[in-house]
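Visitor: I'd like to go over a predicted model; first the sequence, then the structure.
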Amino acid sequence: MKTETLNLPKITDSVNGNNTTMKALVYHAPGKKAWEEKPKPSLKETTDAIVKIFKTTICGTDLHIMKGDVPAVTDGRIIGHEGVGVIEEAGTSVSNFKKGDHVLISCITSCGKCEYCKKGMYSHCTDGGWILGNLIDGTQAEYVRIPHADNSLYPIPAGADEEALVMLSDILPTGFECGVLNGRVQPGDTIAIIGAGPVGLAALLTSQFYTPAEIIVIDMDDNRLAVAKTFGATHTINSSKENAIEKVMSLTNKKGVDTAIEAVGVKETFELCESIIAPGGHIANIGVHGKSVTLHMETLWSQNITITTRLVDTVTTPMLYKTVQSHKLDPQKLITHRFKLNDIIKAYDTFGNAAKEKALKVILTNE
Ligand code: ZN
Ligand code: ZN
């Protein structure tokens, strides 16, 4: 029998009349993405919550995903791991949140119960970690399912500065935990931040909790370096125009820096950190490295340095949230562009041409 094509109305939920589909940014293959119709997420576990997205953003990591650098992300995945929104539905085991509550979404999902969560190392949660927009569907959509909602969401008051709070999903805790805390920045220190993208700038902002004496920011983009100056950098170096090693050494009496924060993720920038670190110093890696780097043990073996790596745990989010609420920290400064969520493809073009567009963080609003 031949089935007739009927002109049916959009499928709707028979119980509450809500649409059962939504729009989302979907990864298909390297270089192939689409803003398309997907089923609206539903609760899978009693510890889940469904969040209606208000504001989200695009991360440098999402650009890596789009290039095919993150093979765990497969065809059909909804991208995105940052955002704020409102609880649409909470599972029966969720006790901290109910329908209508405003929430900040952490880029890291944590069960709160496993061995790593108990240590505060949420990034390695055995039933979580960085899964949003990676192993499960993410936040660049009208709705998202958040597992372990009690631990992976933070309450925010209605009427809060939601755009500023989006910066707390990932970049502020990443810059702070992986760069500033691991780099053990102390009052009076001389530090260098290599890479003035959003995460490097987040490290620049949060390093100032500890009043380092000198903050040297190194990048190849003059616009970003100019922004770094307004954010508190005491010196900037454009490494495409000047010899960064010589310049750092001349700024530090040939001593080098106490902390070098790597916020790029390539061989050249990591090795730059090795060349400018002072005896007793700390190299704190933040960058996502796709290739190996050379560890110059022939010079570093005797220098009493430490090298740290870390995936953000987001354990400092509640503390950072307080500093944002009290305006001690103003992450709003990182936002350069605003789009409707519907125009996300345009937002990707802008963010993907960050140098030309002078883009730092873009905010997408679900209207
Ligand atoms: Zn990110
Ligand atoms: Zn866990």
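Guide: Ah, there it is. Numbering: from 1, shown residues only. Ligands and ions are numbered 1, 2, ... in the order given.
Visitor: tell me the mean pLDDT over stretch 19-31?
Guide: The average pLDDT within stretch 19-31 is 95.
Visitor: pull out the buried residues from that stretch.
Guide: Met22, Lys23, Ala24, Leu25, Val26, Tyr27 (16 or more other CB atoms under 10 Å). (Glycine included, C-beta is placed from N, CA and C.)
Visitor: in JSON lines: those, plus distance to Ile218 and secondary structure.
Guide: Converted to JSON lines, the buried residues of stretch 19-31 look like this (distance: CB to CB, whole Å; DSSP: H, G, I helix; E, B strand; the rest coil):
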{"residue": "Met22", "distance to Ile218": "42", "secondary structure": "strand"}
{"residue": "Lys23", "distance to Ile218": "40", "secondary structure": "strand"}
{"residue": "Ala24", "distance to Ile218": "37", "secondary structure": "strand"}
{"residue": "Leu25", "distance to Ile218": "32", "secondary structure": "strand"}
{"residue": "Val26", "distance to Ile218": "36", "secondary structure": "strand"}
{"residue": "Tyr27", "distance to Ile218": "32", "secondary structure": "strand"}
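Visitor: which of those residues sit farthest apart?
Guide: Greatest spacing in the buried residues of stretch 19-31, by CB to CB: Met22 and Tyr27 (16.2 Å).
Visitor: looking at this structure, which residue is nearest ligand 1?
Guide: Cys59 (3.0 Å; CB to the ion).
Visitor: the nearest residue to Tyr210 once chain neighbours are set aside and Gly281, how far apart?
Guide: Leaving aside its sequence neighbours, Tyr210 sits nearest to Val185 (CB to CB, 6 or more residues apart in numbering; 4.6 Å). From Val185 across to Gly281, the span is 11 Å (CB to CB, to the nearest Å).
Visitor: which secondary structure element is home to Ile215?
Guide: Here Ile215 sits within strand 214-219, counting by DSSP states H and E.
Visitor: ok, then the element right after the helix or strand that contains Leu165?
Guide: Using DSSP H and E, Leu165 sits in helix 162-166. Using DSSP H and E, the helix or strand that follows helix 162-166 in sequence is helix 171-173.
Visitor: which SSE is immediately downstream of that following helix?
Guide: Next along from helix 171-173, by DSSP H and E: strand 190-194.
Visitor: wait, what's in contact with the most centrally placed residue in the chain?
Guide: When CA atoms, centre = their mean is applied to the chain, the residue found nearest the centroid is Asp170 (3.2 Å). Shown in contact with Asp170 (CB atoms under 8 Å, 6 or more residues apart in numbering): Cys59, His81, Glu82, Cys107, Val312.
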